[in-house]
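> What follows is a predicted structure for the sequence shown.
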Amino acid sequence: NAGVIQTPRHKVTGKGQEATLWCEPISGHSAVFWYRQTIVQGLEFLTYFRNQAPIDDSGMPKERFSAQMPNQSHSTLKIQSTQPQDSAVYLCASSMTGGNTEVFFGKGTRLTVV
Amino acid sequence: SQLAEENLWALSVHEGESVTVNCSYKTSITALQWYRQKSGEGPAQLILIRSNEREKRNGRLRATLDTSSQSSSLSITATRCEDTAVYFCATDGQGGRALIFGTGTTVSVSP
């Protein structure tokens, strides 16, 4: 079990460019989550899939951010027209069933927008 | 918005001492979880304590839950330098939602 795998670990983009972050959840886990972590805001919930269906995207910025889960083995978080304030560590996590169960996190992707 | 929050930003102790991190939450819950995040890693679960439990132990860790005051604590005994990390409490409230994390308490353990 390799755990939750996130790629790339580091990404630098120019302002206005697009960034795509990848996540491979733990095999057999039906729930996938995306979080964003900054010093100022802490660990913020972005979006949640269960059995590949979007369940809750209440934390997603309404513009420029989108997440997909085309199959059970990977999810992507796409940020269009990146801005310096998008710089953060983006964490993907998965759990067996969602809800109040143990959540397993990847090591994160550090996005820097210059 | 935070469903749960740790009460202190940072704590410092020496190896061998005990440390307690406190958390308060705002809604009814089915369970509360404690996580630890070391530098360069994602958070990792330490303890899950359900609303009908008052105490849960895991080795040197002890979590308590007081549903009447909507508070929880995580105590670490015989601390080690490798316990240095940020400690979070987290809950999804009544269930079915994603975990919402508190702001975290940084615990520093020095030799």
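Now that the structure is in, tell me what you want to look at. Since the structure is predicted, the reported quantities are computational estimates derived from the model, not experimental observations.
> Let's verify residue A:28: helix, strand, or coil?
coil (DSSP: H, G, I helix; E, B strand; the rest coil).
> What score does the residue in chain B that chain A sits nearest to have for pLDDT?
Closest residue of chain B to chain A, C-beta to the nearest C-beta: residue B:42 (2.8 Å). (Each C-beta comes from the backbone N, C-alpha and C, glycine too.) In this prediction, residue B:42 carries a pLDDT score of 96.
> Count the neighbours of it for me.
Under the neighbour criterion other C-beta atoms under 10 Å in any protein chain shown, residue B:42 is assigned a count of 23.
> would it count as being in a helix?
No - Residue B:42: not assigned to a helix; according to three-state DSSP it is coil.
> excluding its backbone neighbours, what's nearest residue B:69?
Computed as C-beta to C-beta, 6 or more residues apart in numbering or on different chains, the closest residue to residue B:69 that is not its neighbour in sequence is residue B:24, at 7.9 Å.
> Which elements pack onto the host helix or strand of the one you found?
Here residue B:24 sits within strand B:19-25, counting by DSSP states H and E. In terms of contacts (3 or more C-beta pairs under 8 Å, 6 or more residues apart in numbering or on different chains; DSSP states H and E), strand B:19-25 is packed against strand B:4-6, strand B:10-14, strand B:31-37, strand B:71-76, strand B:85-91, strand B:105-110.
> Just want the phi and psi numbers for the nearest residue to residue A:24 once chain neighbours are set aside.
With C-beta to C-beta, 6+ apart as the measure, residue A:5 is the residue that lies nearest to residue A:24, at 4.2 Å, once sequence neighbours are left out. Backbone dihedrals for residue A:5, given as degrees, to the nearest 10, come out at phi -110, psi 130.
> what about residue A:5, neighbour count?
When neighbours are defined as other C-beta under 10 Å, residue A:5 has 14 of them.
> Touching, it and residue A:23? I think so.
Yes - contact criterion C-beta atoms under 8 Å: residue A:5 and residue A:23 qualify, at 7.3 Å.
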